[in-house]
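# Generate a structure from the sequence data that follows.
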Amino acid sequence: MDVVDAQIHIGPDGIQPTLAAMDALGIQAVLVDEFWGRRPYGDPEFFEPGHALPNGAWRSLCPTAEAAALQHPERFATVLRVDRRDPDLEAVVRFAGAAPHIRALRVLSTWNPDEAAAFDSGAYAELFQLAADAGLPVFVYAPGHVESIAQYLRRLPALSLIVDHCGMAQPGLSIGRPEAEIARVESVEYFDEVLRLAEFPNVALKWSHEQVGFQAPEYPFAETRPFLRRAIAAFGADRILWASDKTVLPYTWSEILHSVRDNAELSAQEQSWILGGTLRRVLDWRRSEA
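The predicted structure follows:
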């Protein structure tokens, strides 16, 4: 099976150990969101590698991921984080669109209350339009704010958008909301809001962090399976893509992979789409036949 992981983080000296682990697990390729994770939350350089701009925006860099993709183009590709406040946003997106190793953009659109409010108000439209013009899909991290995604999909039918982490809330990221609203977005019932996005053909769902979103802390995370079946019924398996995010979650890469690969409730075709086929299609990242 052609298994492709839609999100891992690596940093300096991470290429060879990652390749070895991929070979051991039978993972053909990975999409890297470079994040070193060396600094505590709240540190001004938390999202390194990169640098702050004079207006407070953060311009991400991806030196390790770029080196990995250039050395092993069949095994690695890059997703580039972008900040809508970057004064050179158009140039950054155009560069990304022209770079063969960059397959998509990623925005952390609800990481703090100010950006969440901007996302809800439609302030990401310019960034999304630039991405659509450049032919770049965008991974959107918007836990608890998926209702606001529909406005962009309606306005930009050429935009290819992937909802990060099942669209579900992550602990500690509902700050600034009333208590009742926090309870709503952190409940498993919130998945109903995510499934409503299936009406838009230009949106896909990243199946990741399901252990957190659906409150299934123990391998093989069987409690998540009914939610995956609902997602397949709504989106179709060809619009669901698997990601481990194994460098963040407290599980082994093998556990996260095999919770899907060994799910007997999935057909062989569903597994093929979710574990690699969908990402290949959405990112136009074709596997070499050589």
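# just the strands in the stretch 51-200 of the chain please.
Under the criterion DSSP state E, counting those that start in this stretch, strands of the stretch 51-200 of the chain are mapped to 58-60, 76-81, 102-107, 138-140, 161-163.
# will you turn those strands into TSV that also has mean neighbour count?
(Glycine included, C-beta is placed from N, CA and C.) Below are those laid out as TSV (neighbours: other Cβ atoms under 10 Å):
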stretch	mean neighbour count
strand 58-60	19
strand 76-81	24
strand 102-107	22
strand 138-140	25
strand 161-163	23
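# Could I get those strands in JSON lines, plus columns for distance to Pro87?
As requested, these are exported to JSON lines (distance: least, Cβ to Cβ, whole Å):
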{"stretch": "strand 58-60", "distance to Pro87": "10"}
{"stretch": "strand 76-81", "distance to Pro87": "16"}
{"stretch": "strand 102-107", "distance to Pro87": "16"}
{"stretch": "strand 138-140", "distance to Pro87": "20"}
{"stretch": "strand 161-163", "distance to Pro87": "24"}
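# burial measure for the nearest residue to Gly167 once chain neighbours are set aside, as a count.
Distances taken as Cβ to Cβ, 6 or more residues apart in numbering put Val194 closest to Gly167, at 3.7 Å, once the chain neighbours are dropped. For Val194, the count of nearby residues is 25 (other Cβ atoms under 10 Å).
# Send over stretch 88-99 as PDB, restricted to the C-alpha atoms.
Extracted in PDB, the C-alpha atoms of stretch 88-99 (Å, rounded to 0.1, in the frame of the first residue of the first chain):
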ATOM      1  CA  ASP A  88       5.200  40.500   1.400                       C
ATOM      2  CA  LEU A  89       2.500  37.800   1.500                       C
ATOM      3  CA  GLU A  90       1.900  37.800  -2.300                       C
ATOM      4  CA  ALA A  91       5.600  37.300  -3.000                       C
ATOM      5  CA  VAL A  92       5.800  34.500  -0.300                       C
ATOM      6  CA  VAL A  93       2.900  32.700  -1.800                       C
ATOM      7  CA  ARG A  94       4.200  33.100  -5.400                       C
ATOM      8  CA  PHE A  95       7.500  31.700  -4.300                       C
ATOM      9  CA  ALA A  96       5.900  28.700  -2.600                       C
ATOM     10  CA  GLY A  97       3.800  28.000  -5.700                       C
ATOM     11  CA  ALA A  98       6.900  28.000  -7.900                       C
ATOM     12  CA  ALA A  99       8.900  25.700  -5.600                       C
END
